[in-house]
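Engineer: from the sequence below, what's the structure:
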Amino acid sequence: MAKTISASKYLDKKHGKRGTKKREEFRDEAFSYYFGEILKARRKELKLSQEQLAKKVGKKRPYISRIENGEDLKMSNFVLLANALNLNIELTAA
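Structural biologist: Got it, this is the predicted structure:
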């Protein structure tokens with residue numbers, strides 16, 4: 001029988017303890033991927049192509065592709081795309 005391990009311990013082992021550079025880099029990549037998936041799902045829900053969305057926000061299609069693949073996501077561009085897709089963003093203190 002396989003030994004079970006908690007998600008927290010798995011992440012510690014694979015990506016380092018919380019607060020380490022490696023763990024923070026993983027966290028940033030995970031958030032970029034997650035937000036990219038949200039934007040892609042909404043774009044498809046609105047039946048927009050990447051090209052159409054790119055024109056709407058003054059970017060090029062390859063940029064939209066990179067965003068949807070979890071790359072190159074800056075907060076300012078996330079807000080720009082979210083607004084174009086009629087998404088609300090809510091920030092709360094942790």
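Engineer: so what secondary structure elements neighbour the helix ranked longest in the chain?
Structural biologist: Taking DSSP state H as the criterion, the chain has its longest helix at helix 21-45. Under the contact definition 3 or more CB pairs under 8 Å, 6 or more residues apart in numbering; DSSP states H and E, helix 21-45 sits against helix 7-15, helix 61-68, helix 75-84. In this view, the C-beta of every residue, glycine as well, is placed from N, C-alpha and C.
Engineer: I'd like the average pLDDT over that helix.
Structural biologist: When pLDDT is averaged along helix 21-45, the result is 92.
Engineer: and residue 24, what does it touch?
Structural biologist: For residue 24, the contact set (CB atoms under 8 Å, 6 or more residues apart in numbering) is empty.
Engineer: quick one, the helix or strand following the longest helix of the chain and helix 61-68 angle?
Structural biologist: Downstream of helix 21-45, the first helix or strand assigned by DSSP states H and E is helix 50-57. On the basis of axes from the mean of the first three to the mean of the last three CA atoms, to 10 degrees, helix 50-57 is oriented at 100 degrees to helix 61-68.
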